[in-house]
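In: just the structure for this:
(one chain, ligands or ions: 4)
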Amino acid sequence: RAKELGGRRVEVFAAHMHADVVRRLELAADLQRALLDGQFAVEYQPVVDLATSRVTAVEALVRWWRGSAFVPPQQFLGAAEDTGLIVPLSEWILREACREVAAWRASSWDVGLSLNLSCRQITAPRFVETVQAALAESGLPPGVLTLEVIEEMLVEDAEEVIRRLSELRALGVRLAIDDFGTGYASLALLRQLPVDMIKIDPSFVAGLGRDETLTLLTRTIVRLGHDLGLVVVAEGIERPEQLELLREMGCTRGQGYLVARPMAARGVDSLMRTSCAPLQNTA
Ligand code: C2E
Ligand code: MG
Ligand code: MG
Ligand code: MG
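Out: Residues are numbered from 1 along each chain as shown. Ligands and ions are numbered 1, 2, ... in the order given. Model prediction:
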């Protein structure tokens with residue numbers, strides 16, 4: 001009888017596994033088709049200078065409309081990474097974003113571009129060359145591009161990842177640590193990578209003014225960043241009180257729904273006309 005029950009349990013388990021495998025395979029096939037059909041889009045979330053409220057950069061965020069349903073990045077990036085599709089997808093995002101930001105800069109707007117990297121993308125053959133080519137084709141100066149990395153990217157093949165990112169850094173591209181403060185090795189990362197910027201994770205910003213410990217931790221991260229000569233960006237600003245506290249702490253930049261939501265390129269076009277910061281020297 002026990003055997004019978006056990007057998008049935010295995011069957012139930014296998015059925016779940018099966019459904020999961022099928023779902024993943026479907027997702028993988030859909031992703032492939034989506035890339036070919038041009039179903040992906042890039043949205044841009046403005047990053048402002050907290051002292052002047054000017055938009056200094058935009059962060060590119062990938063968007064997928066699967067038919068009429070929006071699929072959040074975190075629901076497909078894992079599958080894209082597993083299937084390797086993240087490599088051509090990321091290359092498309094990189095080129096698209098460089099091209100659009102170059103166009104904004106051509107209208108005399110001194111705006112930077114932040115781009116999220118994926119692990120597989122960094123270790124793919126010719127990653128450094130691909131970034132260089134995208135910069136060359138768009139005419140973007142390397143210093144305008146910031147590549148955002150998270151600590152999970154250094155779990156496997158850390159040496160290779162560090163070598164490649166350092167190579168790009170040497171060319172003038174900037175590096176940022178995204179989701180700073182959430183990992184176990186946030187501080188160690190600062191020693192391993194030649195970083196220019198840290199982005200304070202929204203989980204700290206959420207507690208500003210409401211939670212003493214989180215407020216203190218945010219203040220400490222801002223000070224640490226400044227002591228190391230880094231640009232400090234606070235992410236996930238949703239309430240005016242958070243904005244005020246971050247300004248008072250001297251945090252350099254901010255990003256969040258209160259400031260601006262991620263928007264399509266057309267939205268950035270109209271934003272540019274209202275908050276245009278002229279280029280210092282238009283070459
Ligand atoms: P991230 O790089 O930390 O991006 C910030 C995320 O927070 C974005 O979510 C953004 O829409 C959201 N956000 C911005 N302001 C607020 C706010 O005030 N409140 C709240 N609750 N959320 C806010 P999104 O677009 O869903 O992206 C999630 C993550 O997916 C990103 O986190 C990034 O790790 C990854 N991702 C997004 N686009 C790309 C991409 O093009 N390539 C790669 N490799 N990863 C990407
Ligand atoms: Mg990011
Ligand atoms: Mg983040
Ligand atoms: Mg994140």
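In: buried sites along the longest strand anywhere in the chain?
Out: As assigned by DSSP state E, the longest strand anywhere in the chain is strand 55-66. Buried residues in strand 55-66, counting neighbours by 16 or more other CB atoms under 10 Å, are found at 55-64. Using the backbone N, CA and C atoms, a C-beta is placed for each residue, glycine as well.
In: against which helices or strands is the very next helix or strand once past that strand packed?
Out: As assigned by DSSP states H and E, the chain's next helix or strand after strand 55-66 is strand 69-71. Using 3 or more CB pairs under 8 Å, 6 or more residues apart in numbering; DSSP states H and E, the elements in contact with strand 69-71 are strand 55-66.
In: can the strand it packs on be found next to ligand 2?
Out: No: taking CB under 5 Å from the ion as the criterion, strand 55-66 and ligand 2 are apart, separated by no less than 5.6 Å.
In: what does stretch 149-166 give?
Out: No: contact of stretch 149-166 with ligand 2 (CB under 5 Å from the ion) is absent, the minimum separation being 8.1 Å.
In: how far does that stretch sit from the chain's center?
Out: Here stretch 149-166 is found 15 Å from its chain centre; the criterion is CA atoms, centre = their mean, to the nearest Å.
In: and that stretch, C-alpha only, in CSV?
Out: Only the C-alpha atoms of stretch 149-166 are listed here, as CSV (Å, rounded to 0.1, in the frame of the first residue of the first chain):
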residue,chain,number,x,y,z
VAL,A,149,26.2,45.2,-12.6
ILE,A,150,24.9,43.2,-9.7
GLU,A,151,27.0,41.1,-7.4
GLU,A,152,25.4,37.8,-8.6
MET,A,153,27.4,38.4,-11.8
LEU,A,154,30.6,37.7,-10.0
VAL,A,155,29.5,34.4,-8.6
GLU,A,156,30.7,32.4,-11.6
ASP,A,157,33.8,33.2,-13.6
ALA,A,158,34.5,36.3,-11.5
GLU,A,159,38.0,36.9,-12.9
GLU,A,160,36.7,36.9,-16.5
VAL,A,161,33.9,39.3,-15.7
ILE,A,162,36.2,41.6,-13.8
ARG,A,163,38.7,41.5,-16.6
ARG,A,164,36.1,42.4,-19.3
LEU,A,165,34.5,45.2,-17.3
SER,A,166,37.9,46.6,-16.4
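In: which residues make contact with it from outside it?
Out: Residues outside stretch 149-166 that contact it (CB atoms under 8 Å, 6 or more residues apart in numbering): 117-119, 122-123, 127-128, 147, 175-179, 183-186, 189, 192-194.
In: and the residues you listed, which are buried?
Out: 117-119, 122, 127-128, 147, 175-179, 183, 186, 189, 192-193.
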